[in-house]
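*Asks:* sharing a sequence plus its predicted fold:
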Amino acid sequence: MAAGDEIRRIGAAAFLPASVVFAVAATAWFALNQQGPYGPPALGWVGPPATLALAAMALRRSAVSPRLPAAARRFWNQLTVAATVAAVGTVVQAAYAVTGPVSDATRVSPLARFCFVGAVLYALWAVLRVPAAARARGEWVRMSLDCSTVVLGAAIFMWYVGVGPLLAGSGRNVAWVSLAVGVICLVGVAAVCKVVLVGGGPVDVGALRLLGVGLFVGGVSAGTATLIASQPHLVPGQISVPYISVLIVLAAERQQRALTADRPANRPRFSPRVSPLPYAAVAATDVLLVLAMTGRVDDRRYVVVGGVITITALVVVRQLVAFSDNARLVDRLRQQEDRLRHQASHDALTRLANRAYFAERVEAALSAGTGSGGDLTVLLIDLDDFKTVNDTLGHSVGDRLLAVVAERVRGCVRPDDTVARLGGDEFAVLLWQAWPATVDAVAEGILASLRQPVVVDSYELLVQASIGVTGACPGDDPEALLRKADIAMYAAKEGGKDNFARYVPGMGASILEHAQLGAQLRQALDGGQLRLLYQPVVRLSDARIIGMEALVRWRHPSRGEVSPADFIPTAERTGLIVPLGRWVLREACRQKAAWREAYGDDSPATVGVNVSGRQLQDPGFADEVADAVHEAGLEPHNLVLEVTENAVLTGGQAFDTMHALRAFGVRLALDDFGTGQSSLGLIRTCPVHILKLDRSFVMDCGTDPRAQRAEQQVAVASAVLHMADDLGLDAVAEGIENQEQADRMCALGYRLGQGYHLVRPLPADEVAGLLALAVVAP
């Protein structure tokens, strides 16, 4: 099998050299017989059938390649059939010409004529069926005009050189044969134009071009019949057919090389934007026009002139189409450039200006002197707790929320002002020539618009923002303005969020201090600087300890005790409240288990832990609580989770987490009750067990020198208690600081209380002493 493959490979390699040898021999014989017939006439007919047979074998080798697409194999098979039929026709014609009179060697056998015409038409049909690459409508128009130019130029050339003189002479039979051959050649030219100009398809483009040259050679040979009309012993095909066969073998081998090089046949190495064929056609007709105008006057001159006029019209139309296409291309390029410029300077999500473009606008305003008089203002907007939305609902919801925020901010400014998204949930506004009152109105308008609920994927979200405001001063640059606005924005967050703050000199010092405090708090979490104190919840009637509330404290190595009022807001802002709350939860559960083991029924029934809004927004928080309870060996009802009204006001995931915790069995307490805007509404929707009356109602109840206010506080405290009783909730009075307050809360009906007068927050070891006594002195 391997030997056979090697023989076939060697044989395939010999196709081209053998074809070249036959072509050279045919050329030598043709040249030798120009002055008269020399030697046997049969020698002149050896080259055509031999070279066509070699071409058919080379074509067959390409046709059977399994690596070619089906359309390409079909094409090469059809050419193989055409070459074989043409080879048979040349053999028949050779026999017919040799056996007939020498003076009439141009006679064509009917069988040979049938073979030649059939082979050419079948080959042209194969070329026309080759699929072309996809083109736009305008490109097809240009290609059609170019093909028309080439075909018309070839037709004029064939008429002037070959067919015209023959029709004017006496050789009418030869003339009409040449005319038929010329028509066939024109069809071939059209086929070649279709492939060469349009390009692409499953067949190698270089191979198609070689075949096109072969068709051109055939057309030229048909047109040169008049040159040898006086030598009937010679036929143009005796020299043209061998060279056409050489070109066919070259085309087949090029297809094979394309396969060997692993280059797809339908993807040429290069595809020139401009083909020389139309220009060659124009040049040829121009030469013919010169010859016709300077030579003998006959009917061919009018054909040439008419053809040149028609080609000129085609060229003009082609140029107009090209101008129109170029204009559209330039317009598309300009639009694409505008899109790229817009994409480079705007945020893809919100379509607002990005940080770089915003800085350019600020720089331009400062360079123009717009901000020198204090009439250039920058607002920096940061969404409060936006990270919670991304973490709990996903980034797709967060992105749509940002798009809504962008639209609302844009709707609050003037058309000439610039709104930008600097990144994440941070936006900026550049106000031109705005008075302080206008700036305040814009900031208030932005805050008010963001307070309106946003519905995204059936989630109703409440969005709040903190805004930093700063005006331009002489010497400021964009970076300095943004830095000052950033400082003012953090000041607004520290002021309770959902507001705005103006930058004032020195404001950055406190922001820096809080930033440093955040870094130190991270070290405190990792370094064991935190501890828990426990403040008892007692029964007011007998001072018995009912439960404990865990309170986190921080003893800094160099600063000493850091107030929770300082580090808890920092933890909220930096996100450290999550790991801090996790540590407090697990430590409090562990300590509750230790007390139960040491004191049994005399130990506190519950331990309370404060929970932040960010923790409630975490879908996994309920599982985290369950893990802490189980690890400590507690029952779920031994744990009380205390939440503030603000922590659950956002609803959504916070409510889902609360319901999951209640279903687990954990007790829930609403801390600082009575201070929020929706206290009564929360009682109906929030699944709590305990209401902890805010200390402001305890401290002012009956002690305010203004009698009316004291009566109001008493009324609120009494109403909260009655409401809790009616709903089956426990009520705890917080912040009892003296005996008078304790007696007053007891007289109102409160059974549970908490405060410094009853028991101060104590370390775990001191709580152990109280539990040992089992009773706390009032």
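*Replies:* Nice, thanks for sending it over. Residues are numbered from 1 along each chain as shown.

*Asks:* any idea how many residues pack against the nearest residue to E549 once chain neighbours are set aside?
*Replies:* Computed as C-beta to C-beta, 6 or more residues apart in numbering, the closest residue to E549 that is not its neighbour in sequence is G608, at 4.0 Å. No exception for glycine: its C-beta is placed from N, CA and C like everyone else's. By other C-beta atoms under 10 Å, the residues close to G608 number 27.

*Asks:* roughly how far does G608 sit from I568?
*Replies:* When distance is defined by C-beta to C-beta, to the nearest Å, G608 is 16 Å away from I568.

*Asks:* one more: I487?
*Replies:* In terms of C-beta to C-beta, I487 sits 21 Å off from I568.

*Asks:* and the two? which has more neighbours close in?
*Replies:* Each of I487 and I568 has its neighbours counted (other C-beta under 10 Å); I487 has more, 23 against 19.

*Asks:* what helix or strand is that one located in?
*Replies:* Element membership for I487 (DSSP states H and E) is helix 478-494.

*Asks:* by contact count, what packs against that helix?
*Replies:* Under the contact definition 3 or more C-beta pairs under 8 Å, 6 or more residues apart in numbering; DSSP states H and E, helix 478-494 sits against helix 355-367, strand 376-383, strand 465-471, strand 500-502, helix 507-527, helix 564-574.

*Asks:* for A82, see how far away G212 is.
*Replies:* 15 Å.

*Asks:* more crowded one of those two?
*Replies:* Neighbours were tallied for G212 and for A82 using other C-beta under 10 Å; the higher tally belongs to A82 (25 against 22).

*Asks:* could I get the helices and strands packed on helix 478-494 as a markdown table with distance to F114?
*Replies:* Written out in a markdown table, the entries for these read as follows (distance: least, C-beta to C-beta, whole Å):
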| stretch | distance to F114 |
| --- | --- |
| helix 355-367 | 76 |
| strand 376-383 | 86 |
| strand 465-471 | 90 |
| strand 500-502 | 96 |
| helix 507-527 | 96 |
| helix 564-574 | 94 |
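
*Asks:* any residues touching stretch 440-454, and which ones?
*Replies:* With contact meaning C-beta atoms under 8 Å, 6 or more residues apart in numbering, stretch 440-454 is reached by 379, 381, 383, 401, 404-405, 408-409, 411-413, 429, 431, 434, 460-465, 467, 469, 498-500.

*Asks:* make it 7 Å
*Replies:* Contacting residues not belonging to stretch 440-454 are listed as 379, 381, 401, 404-405, 408-409, 411-413, 431, 460-465, 467, 469, 498-500 [C-beta atoms under 7 Å, 6 or more residues apart in numbering].

*Asks:* between the helix or strand where the residue nearest to E549 lies and helix 564-574, how big is the angle?
*Replies:* Assigning secondary structure by DSSP H and E places G608 in strand 606-610. In this structure, strand 606-610 runs at an angle of 60 degrees to helix 564-574, with axes from the mean of the first three to the mean of the last three C-alpha atoms, to 10 degrees as the basis.

*Asks:* just after strand 606-610, pick out the following helix or strand.
*Replies:* Remark: after strand 606-610, the chain's next helix or strand is helix 613-616, criterion DSSP H and E.

*Asks:* now the helix or strand following that following helix, how far from the chain's geometric center?
*Replies:* Sequence-wise, the next helix or strand beyond helix 613-616 is helix 621-632, with elements assigned using DSSP H and E. Here the centre of helix 621-632 is set off from its chain's centre by 41 Å, with C-alpha atoms, centre = their mean, to the nearest Å.

*Asks:* contacting residues around helix 621-632?
*Replies:* By C-beta under 7 Å, 6+ apart, the surrounding residues in contact with helix 621-632 are 582, 585-586, 589-590, 592-593, 615, 636, 639, 657, 660-661, 664, 666.

*Asks:* is it possible to mark the buried ones in those?
*Replies:* Buried by 16 or more other C-beta atoms under 10 Å: 582, 585-586, 589-590, 592-593, 615, 636, 639, 657, 660-661, 666, out of the contacts of helix 621-632.

*Asks:* which two from these end up farthest apart in space?
*Replies:* With distance counted by C-beta to C-beta, no two of those lie farther apart than A593 and T657, which are 23.8 Å apart.

*Asks:* give me the contacts around the strand holding G608.
*Replies:* Under the criterion C-beta under 7 Å, 6+ apart, residues 547-550, 584-585, 588, 591-592, 638-642, 667, 669 lie in contact with strand 606-610.

*Asks:* ok, of those residues, which one's closest to E740?
*Replies:* Compare each of the contacts of strand 606-610 with E740 using C-beta to C-beta and the shortest gap goes to E549, at 23.0 Å.

*Asks:* name the SS class of that closest one, please.
*Replies:* Three-state call for E549 (DSSP: H, G, I helix; E, B strand; the rest coil): strand.

*Asks:* now do I736
*Replies:* Here I736 takes the coil state, with states given by three-state DSSP.

*Asks:* grab the nearest non-local neighbour of it.
*Replies:* By the measure of C-beta to C-beta, 6+ apart, the closest residue to I736 outside its immediate chain neighbours is G755, 3.2 Å from it.

*Asks:* so who does that neighbour touch?
*Replies:* Residues in contact with G755 (C-beta under 7 Å, 6+ apart) are E734, G735, I736, E737.

*Asks:* the first one and G547, how far apart?
*Replies:* To tie it back to what came earlier, the one meant is E734. Remark: distance between E734 and G547 (C-beta to C-beta) = 13 Å.
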